[in-house]
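Colleague: what follows is a predicted structure for the sequence shown.
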Amino acid sequence: MAASSVRRHEEFLNRFGYIKTNDSSLDISSSAVRAFQRFVGLNQTGIIDELTWQKMREPRCGNKDLRRIQRRKRYILQGSRWPSNEPLTFRIVKYPTTFPQQFVDAELTKALKLWSSASSLEFEHRKLKKYDEQKSNNLDPKTDIRISFEIGDHGDTEPFDGPGNVLGHAFFPQYGGDAHFDNDEYWTLKSTDGVNLFQVAAHEFGHSLGLEHSNKPDAIMAPFFKGYTPNFTLQEDDIRAIQALYGGKPSKSFSSPLSNSIETYQAVSKQMAPSVKSSNKNSALCLDPQFDAIITIDDDTYIFKGI
């Protein structure tokens, strides 16, 4: 194998967390390769064959796949989380140069709603003021997640590499939660051409919320971009992960004192019946023992149905 190919393999394995600092060259060519093959579901030969090298070249997230790849749970939690007692704020501080801003707003908001739909999280979009639109270093301390489209070396030690390969990366909550996307990509929506912004954003925001990469291939948090997918949504692995951090979606409930017996309800209905004089089609409501709530205030009884 050519020296240049070996170097590219080593760079990939090191960048995405498969090589430890004390690995020998033998470890690089065997255990690290097997670890990657295991993570992506390939035969664990320890040899970079054509299928392995092809997988390495697929478009993907720039975050590491990390070391914890033998847990029972497919999903992996990074360990930090946002306080969930108030909405998380997000702001797009630098837009792509070739994609209309209103579409960017819509796609990124939709991507965040995927995560809020399955958890207790809520999000609030804080739009840039006009005089801030050209400032990529807008560090509003009141904004939780800042989003930007960058080119090459953009100051975070994780430079982008132009079209293809790494599409974006994001920081975990303890590091600020910011999400960066490669401005050199051909971003699209609802098209098999280019890179679907909604899908990549949904993945990167998973990191912003505290999730690491999953080795379950159909999960949103799998590291590789699978191409445009109609009806793209969270998978069971993603839902379990986000709910492990933030809990499920709170359900709306109404107070229904069902401990009262039907006989008690019917007795109340009979007492009220003589005073009910209405030709309205809902006048028989009190004769229906199915109701949502009943309350007595100042000796008057109120029955609620359909709330």
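Modeller: Happy to help now that I have it. Residues are numbered from 1 along each chain as shown.
Colleague: what about the strands in the stretch 101-250 of the chain?
Modeller: Taking DSSP state E, counting those that start in this stretch as the test, the strands found in the stretch 101-250 of the chain are 123-125, 145-150, 166-170, 179-182, 187-188, 195-196.
Colleague: got TSV for those, with distance to residue 64, mean neighbour count and mean pLDDT too?
Modeller: No exception for glycine: its C-beta is placed from N, CA and C like everyone else's. What follows is the strands of the stretch 101-250 of the chain, written out as TSV (distance: least, CB to CB, whole Å; neighbours: other CB atoms under 10 Å; pLDDT from 0 to 100):
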stretch	distance to residue 64	mean neighbour count	mean pLDDT
strand 123-125	26	15	96
strand 145-150	19	23	98
strand 166-170	9	23	98
strand 179-182	15	25	98
strand 187-188	24	20	96
strand 195-196	21	22	98
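Colleague: endpoints of stretch 158-169, how far apart?
Modeller: Taking CA to CA, to the nearest Å, stretch 158-169 runs 8 Å from one end to the other.
Colleague: likewise for stretch 176-195?
Modeller: 25 Å.
Colleague: quickly note the distance from residue 65 to residue 197.
Modeller: 23 Å (CB to CB, to the nearest Å).
Colleague: what does residue 228 give?
Modeller: Where residue 197 is concerned, residue 228 sits at a distance of 10 Å (CB to CB).
Colleague: for residue 207, same thing?
Modeller: 16 Å.
Colleague: follow-up on the earlier one: which of residue 228 and residue 197 has more neighbours?
Modeller: residue 197 (25 against 17; other CB atoms under 10 Å).
Colleague: same for the helix ranked longest in the chain, what does it pack against?
Modeller: Counting by DSSP state H, the longest helix found in the chain is helix 101-116. With contacts taken as 3 or more CB pairs under 8 Å, 6 or more residues apart in numbering; DSSP states H and E, helix 101-116 sits against strand 88-94, strand 123-125, helix 197-208.
Colleague: so what touches that helix?
Modeller: Identification of contacts with helix 101-116 by CB atoms under 8 Å, 6 or more residues apart in numbering yields 90, 92, 95-96, 121-123, 125, 127, 147, 189, 197-199, 201-202, 205-206, 209, 220, 233-234, 242.
Colleague: now, of those, which are buried?
Modeller: 90, 92, 95-96, 121, 123, 147, 189, 197-199, 201-202, 205-206, 209, 220, 234, 242 (16 or more other CB atoms under 10 Å).
Colleague: follow-up on the earlier one: what's the average pLDDT for the longest helix of the chain?
Modeller: For helix 101-116, mean pLDDT rounds to 98.
Colleague: how far off strand 145-150 does that helix point, in degrees?
Modeller: Using axes from the mean of the first three to the mean of the last three CA atoms, to 10 degrees, the inter-axis angle of helix 101-116 relative to strand 145-150 is 130 degrees.
Colleague: pull out the buried residues from helix 101-116.
Modeller: 104, 107-108, 111-112, 114-116.
Colleague: ditto for stretch 7-25
Modeller: Buried residues in stretch 7-25 (16+ other CB under 10 Å): 9-10, 12-14, 16-19, 23.
Colleague: what does stretch 47-65 give?
Modeller: In stretch 47-65, counting by 16+ other CB under 10 Å, buried: 48, 52, 55-56, 59-63, 65.
Colleague: worst-scoring helix or strand of the chain, pLDDT-wise?
Modeller: Lowest mean confidence among the helices and strands of the chain (mean pLDDT, DSSP states H and E): helix 262-272, at a mean of 41.
Colleague: hang on, residue 29 packs against residue 36?
Modeller: No - contact between residue 29 and residue 36 fails when scored by CB atoms under 8 Å: they sit 11.8 Å apart.
Colleague: related to what we said a few turns ago, overlap in contacts of residue 228 and residue 197?
Modeller: Joint contacts of residue 228 and residue 197 (CB under 8 Å, 6+ apart) are residue 188.
Colleague: more neighbours, residue 29 and residue 36?
Modeller: For residue 29 versus residue 36, neighbours defined as other CB under 10 Å are more numerous around residue 36 (25 against 19).
Colleague: what is the host helix or strand of that one packed up against?
Modeller: If you go by DSSP states H and E, residue 36 is part of helix 31-40. Helix 31-40 is packed against helix 3-15, helix 50-56, with contacts defined by 3+ CB pairs under 8 Å, 6+ apart.
Colleague: and those, which one averages the lowest pLDDT?
Modeller: helix 3-15 (a mean of 86).
Colleague: elements contacting it?
Modeller: helix 25-29, helix 31-40, helix 50-56.
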